[in-house]
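Student: Predicted structure and sequence below. I'll ask about it afterward.
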Amino acid sequence: MNRTITTYTDLRALVTHLRTLNKKYILLFAYNGTGKTRLSMEFKEAGKINVDVPLVTENNELIITETGDSLVSPDIIPDTLYFNAFTEDLFSWDNDLINDVQRVLKLNKDSRFFDGLQELEMDNKIRPILHQYADFNFKINYEEGFVIFERQELVDGTTQIVDHIKISRGEENLFIWCFFLAIAQLAIDKQERYDWVKYIYIDDPISSLDENNIIAVSCDLANMVNKESHITVIISTHHSLFFNIMYNEVNRKINNRCFFLHKKDSAGFSLQDTTDTPFFHHIAILSELKKVAESNFIYTYHFNALRTILEKTASFFGYSKIDKCIHGLDDEVLFERALNLFSHGKYSVFNPVMMSDDNKELFKRILNGFLAKYEFDIPVIFKESASTVTA
């Protein structure tokens, strides 16, 4: 099967393509460090337009110049409601370091994200969504812009409501996600305050969640975006389980596209269409690592990807450690030490370092030994048959 890979010189070119697809659902899979968050922000920025808004007085009267024209000021109108790492940064903790009692989660009221919360009774819209995943409760102080969390706890043999609690990082992420879902639902339902939303862009909403919550969040999100709506939904993720659930749900719809997003170093970015066949991302990663090994452009972070493959393989076979996956290979002790060394510490995907020639050879030996041991037959759709188009 011929598989087209389209290359884009930069994020702006990629955003232009995504905006002209005219699809209801767009699903992207990409490794960490590829640029998913930057892509979501570039997409958001591309949708902003400047309009001239007449200036008015406190009595809502137009301000007129001597020539009889009304004064105007530019107003930026967006078209994208987005969830990404920047959305999470709109929430910050005040832990009451002096008294360690009045802990609250503060809202950045300068953001349009929080417009009209009280009028929309957002707490009543967030609460039923949150209680599908968590057992704590909350109160929003709309005037001062913060959230108080509370939970029922057993105190001296009596069940009491304990407020101003500090929830866990996972619970905090769940709350922020439910906050966003409540707003997204308003946009889908064409609520007047969110009638500007033409796109909903969601980037990796499942950080710090366990697998049970990941499955629940994925299914609920799929149910929401599958509703008839005027809004285009774009979802990007590096998480295989989340991607596979969303792929299976979104792929039931006709008007969709699913892609594998690659960073092409100095050559920009590429999209590989995954719509026509089931998407096995671990095979895709192995194929990419094989190409990397053949090209000899091997960076330290490629050990992270290789270790991930071994961990998934170990989990599949019920092994307690990844060393079982390289057991029986020549120099397996050396291989295990190399995997542990290069996939931790300073060898980060955010600071890629080209390997030395010796380490490149070591990487190739581990990869080729692993592929030979498990007799992977990497599908042709991820290799030479893919045609390339530059945009």
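Tutor: Structure received. Residues are numbered from 1 along each chain as shown.
Student: from here on, contacts and neighbour counts on C-alpha atoms
Tutor: Will do.
Student: Look up phi and psi at Gly145.
Tutor: Note on Gly145: backbone dihedrals following degrees, to the nearest 10 are phi 80, psi 60.
Student: Who are the contact partners of it?
Tutor: 106-109 (C-alpha atoms under 8 Å, 6 or more residues apart in numbering).
Student: Likewise for Leu28?
Tutor: For Leu28, the contacting residues are 234-237, 258-261, by C-alpha under 8 Å, 6+ apart.
Student: run the last query once more with 7 Å
Tutor: Neighbour list for Leu28: 235-237, 258-261 [criterion: C-alpha atoms under 7 Å, 6 or more residues apart in numbering].
Student: and of the residues you listed, the nearest to Val155?
Tutor: Thr237 (41.4 Å; C-alpha to C-alpha).
Student: what's the neighbour count on the closest residue to that closest one other than its chain neighbours?
Tutor: Closest residue to Thr237 apart from its sequence neighbours, by C-alpha to C-alpha, 6 or more residues apart in numbering: Asp204 at 4.7 Å. The burial count assigned to Asp204 is 18, neighbours taken as other C-alpha atoms under 10 Å.
Student: isn't Asp204 right next to Leu241, touching?
Tutor: No. Assessed by C-alpha atoms under 7 Å, Asp204 is found out of contact with Leu241, at 11.7 Å.
Student: which regions of the stretch 101-250 of the chain sit below the pLDDT cut-off?
Tutor: Judged against pLDDT under 70, the low-scoring parts of the stretch 101-250 of the chain cover residues 207-211.
Student: One more pass at 90, please.
Tutor: Per-residue confidence for the stretch 101-250 of the chain (pLDDT under 90) gives these ranges: 101-102, 109-121, 132-135, 152-160, 162, 168-171, 173-174, 189-196, 204-230, 237-250.
Student: Please identify the longest strand in the chain, counting by residues.
Tutor: When secondary structure is assigned using DSSP state E, the longest strand within the chain turns out to be strand 146-155.
Student: Now the residue nearest to Thr237: phi and psi?
Tutor: Note on Asp204: backbone dihedrals following degrees, to the nearest 10 are phi 40, psi 70.
Student: Show the contacting residues for it.
Tutor: If you count contacts by C-alpha under 7 Å, 6+ apart, Asp204 has them with 84, 236-237.
Student: redo that, cut-off 8 Å
Tutor: Residues near Asp204 by C-alpha under 8 Å, 6+ apart: 84, 235-239.
Student: Out of these, which sit inside strands?
Tutor: Where these overlap with strands, as defined by DSSP E, the overlap consists of 235-237.
Student: Go through those residues and name the one nearest Ala293.
Tutor: When the ones in strands among the contacts of Asp204 are compared against Ala293 (criterion: C-alpha to C-alpha), the nearest one is Thr237, at 25.1 Å.
Student: Surely the closest one touches Thr34?
Tutor: No. Here Thr237 lies out of contact with Thr34, judged by C-alpha atoms under 8 Å, at a distance of 10.5 Å.
Student: and these two? which has more neighbours close in?
Tutor: Thr237 (22 against 19).
Student: ok now the helix or strand hosting Leu18, how far from the chain's centre?
Tutor: Under the criterion of DSSP states H and E, Leu18 resides in helix 11-19. Taking C-alpha atoms, centre = their mean, to the nearest Å, one finds helix 11-19 lying 18 Å from the centre of the chain it belongs to.
Student: average model confidence for it?
Tutor: Taken as a whole, helix 11-19 carries a mean pLDDT of 92.
Student: what does that helix contact?
Tutor: With C-alpha under 8 Å, 6+ apart as the contact definition, helix 11-19 has outside contacts at 8, 39, 42-43, 46, 268-269, 391.
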